[in-house]
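> Let me see the structure of the following:
(one chain, ligands or ions: 1)
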Amino acid sequence: MGIECYGLDKKAERIKATKKNIDWLRKTYNITYSFKLFLGDATNLSSHVKKVDYIVSEPFMGPFLKKLPKTQEVRKIIAMLEPMYKAVLKEIKKVRAKRAVIVVPVFLARSRKKYFLDLDLKDFRVKSFDYETPTSRLRRQILVLEPKHL
Ligand SMILES: C[S@@+](CC[C@H](N)C(=O)[O-])C[C@H]1O[C@@H](n2cnc3c(N)ncnc32)[C@H](O)[C@@H]1O
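Okay, the predicted model is just below:
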C-alpha cells in the first residue's frame, strides 16, 4: 500500500522519540510505509506539506492541572489555547485534508461547570465524541472534521 505518513512536532526531543516509536513499529509489525518527520509548528502546517488526505492530532492540552481550576483560571487557559487551535483549523482547510481527527481539551471548573474552546467549525461536517477517565482532571472532545467544500 502506498501510504506516506508525515509527523510534525515543534520540539526536537519529541521528533527523536517519534523516530524510536517508528523503528519499533517497523520491526514489530513489518510496516513499510514511508514516514517523514518535520520539526515545526502546526499553525504553519502548509509550509511543510501542501496536500494531505488525513490528519490525526492531539495538540497541546494546556498546563497540567493538579486540582480542578477556578473559573478565572479556566478562562485564562482557554484564551491561551484558542489562537493555536483556530490557526490549526485554518491550516486543515489549506492542506485540503478530507478528514481531520483532533483532540480538544474541555475544562471542568471547580464550580463543576464545563468550559469549551470557542472554535468556528461552520466550514466542517462535525462528529464529536466525549472522552474522560475517572482519574483525569482534564476532559477531552475528539472532533472528527470533514471540510464541507470537499
Ligand atoms: C499532548 S502531546 C501529544 C501526545 C501524543 N498524542 C501521545 O499520545 O504521545 C502534544 C504534543 O504537541 C506538540 N505541540 C504543541 N504545540 C504544537 C504546535 N503548535 N505545533 C506542533 N507541535 C506542537 C508538543 O511538543 C507535544 O509533543
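
> Residue 22 reaches residue 33, doesn't it?
No. In this structure residue 22 lies outside contact range of residue 33 using CB atoms under 8 Å: 9.3 Å. Backbone N, C-alpha and C define where each C-beta goes, glycine included.

> So for these two, which residue has more residues nearby?
Neighbours were counted for residue 22 and for residue 33 using other CB atoms under 10 Å; residue 22 has more, 16 against 12.

> So that one belongs to a helix, correct?
Yes. Counting by DSSP: H, G, I helix; E, B strand; the rest coil, residue 22 is found in a helix.

> how close does it sit to residue 28?
11 Å (CB to CB, to the nearest Å).

> Same check on residue 72?
For residue 72, the distance to residue 28 - CB to CB - is 47 Å.

> next one: residue 99
From residue 99 to residue 28 the distance is 27 Å (CB to CB).

> Who has more neighbours out of the two?
residue 99 (17 against 8).

> pretty sure the more buried one is touching residue 144, no?
Yes. Counting by CB under 8 Å, residue 99 touches residue 144, with 6.7 Å between them.

> what about stretch 62-69, start to end distance?
From its first residue to its last, stretch 62-69 covers 12 Å (CA to CA, to the nearest Å).
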